[in-house]
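A.B. asks: show me the folded form of this:
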Amino acid sequence: MRAISHDDGTLTLRELPDPEPGAGEVLVEVTAAGVNNADRQQVAGNYPPPPGASPILGLEVSGTVRALGPGVTDWSVGDRVCALLAGGGYASLAVVPATQVLPVPESLDLVSAAALPEAACTVFSNVGMLAGLRPGQTLLVHGGTGGMGSHAVLWAKALGATVITTSGGARKVQASRDLGADLAIDHRTEDFVAAVREYTGGRGVDVVLDVVGADYLGRNLEALAPNGHVAVISSSSGRVGELDLGAMMAKRATISATTLRARPLDEKAAIVAAVRADVWPFVEDGRVRPVVDSVLPLAEAAEAHRRMADGELIGKVLLTP
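C.D. replies: Next up, the predicted model:
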């Protein structure tokens, strides 16, 4: 198979032995792979794959089932699928546990489907399962045009929530509005806490989806409504910050911080099953769609990472073998 190697920090397309599915696994002939910040962090040495996972980059793919491992009965060769991986996506073939595979509706093109698994599973496990966002509540999404943020906007609006986003610059603010955000804040020129308070009549938001980390801990709490929840899924501004526990207790607030890649297989299976039950109907009817910035050949993986680093993406970059 063709795959990207990064042994020396350089992303290089090479020929590698074809993988074979083990018990409970499927082999996917990859149509496209999603590019995530975790891939960049792995290249930098900051986010190694969990034990037993493929060292090849790539946490999500779309494609067709090429072979089934022993014990797999829920999928058939030729099925159109997308899948959540612990590694191995930047390749023409990928092995994945059958419990981490999702069907691609006929109405959705197979390339674009690669943008869904990581975002859908991350957003729903944090905002849906942990924070318990409900119709009629208000969600604040930081990075509202990124791979995670754009999906969060679409899913929360389909659910029936009010959505506020922060983004940097007029182009990205307009993109958030185009996705359906009720209020889009330019964090470069506006104070998001003040804007949230004004928009909500001083109440605040019920849930915050945060990709910033330490620098936003205190400000997220200020923007939070009583009994609200802050879900941290990235620490781009740093891992250590200060938090006013008195203010947190006064609001009866909760904070969670999670990653997805290193979770045990049974937890991932439960998340994927929940996504299929509660998010996939919105994918099937078109209310939740992949948001794709650009599609590049697998050999241009380094360019895909450069585009991620410059911070101007709207949606995801995909790679095609």
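
A.B. asks: just checking, T162 touches L140?
C.D. replies: No. Look at T162 against L140 with CB atoms under 8 Å: they stay out of range, at 9.7 Å. C-beta coordinates here come from the backbone N, C-alpha and C atoms, glycine included.

A.B. asks: who has more neighbours out of these two?
C.D. replies: The neighbour comparison of T162 against L140 (other CB atoms under 10 Å) goes to L140, with 31 against 19.

A.B. asks: need the three-state assignment for the more buried one.
C.D. replies: strand (DSSP: H, G, I helix; E, B strand; the rest coil).

A.B. asks: next up, the contacts around G22.
C.D. replies: Taking CB atoms under 8 Å, 6 or more residues apart in numbering, we find G22 in contact with G69, P70, V95.

A.B. asks: list the contacts of the residue positioned nearest the centre of the chain.
C.D. replies: The residue lying closest to the centre of the chain (CA atoms, centre = their mean) is A119, at 2.3 Å. Residues in contact with A119, defined by CB under 8 Å, 6+ apart, are G147, M148, S150, H151, A152, K316.

A.B. asks: can you check V272 too?
C.D. replies: By CB under 8 Å, 6+ apart, the contact set of V272 is L84, T99, Q100, V101, L102, C121.

A.B. asks: that one and V279, how far apart?
C.D. replies: Per CB to CB, to the nearest Å, V272 is found 10 Å from V279.

A.B. asks: which among the contacts of G22 end up buried?
C.D. replies: Among these, those classed as buried by 16 or more other CB atoms under 10 Å are G69, V95.

A.B. asks: tell me which of the contacts of G22 fall in strands.
C.D. replies: When DSSP state E is applied, those are split such that V95 fall in strands.

A.B. asks: which of the contacts of G22 sits closest to A38?
C.D. replies: V95 (18.6 Å; CB to CB).

A.B. asks: and the helices in the stretch 51-200 of the chain, which stretches?
C.D. replies: Counting by DSSP state H, counting those that start in this stretch, the stretch 51-200 of the chain has these helices, from start to end: 117-123, 147-159, 170-179, 192-199.

A.B. asks: state the number of residues packed around the residue nearest to E29 when sequence neighbours are not counted.
C.D. replies: Nearest non-adjacent residue to E29, counting by CB to CB, 6 or more residues apart in numbering: R66, 4.4 Å away. Neighbourhood size, R66 [other CB under 10 Å]: 17.

A.B. asks: any stretches of this protein with poor pLDDT?
C.D. replies: The chain contains residues with pLDDT under 70 at 237.

A.B. asks: sorry, back to before: as a markdown table, the contacts of V272 with neighbour count and distance to V30 would be great.
C.D. replies: Output for the contacts of V272, formatted as a markdown table (neighbours: other CB atoms under 10 Å; distance: CB to CB, whole Å):
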| residue | neighbour count | distance to V30 |
| --- | --- | --- |
| L84 | 28 | 14 |
| T99 | 20 | 19 |
| Q100 | 23 | 15 |
| V101 | 24 | 13 |
| L102 | 23 | 15 |
| C121 | 23 | 18 |
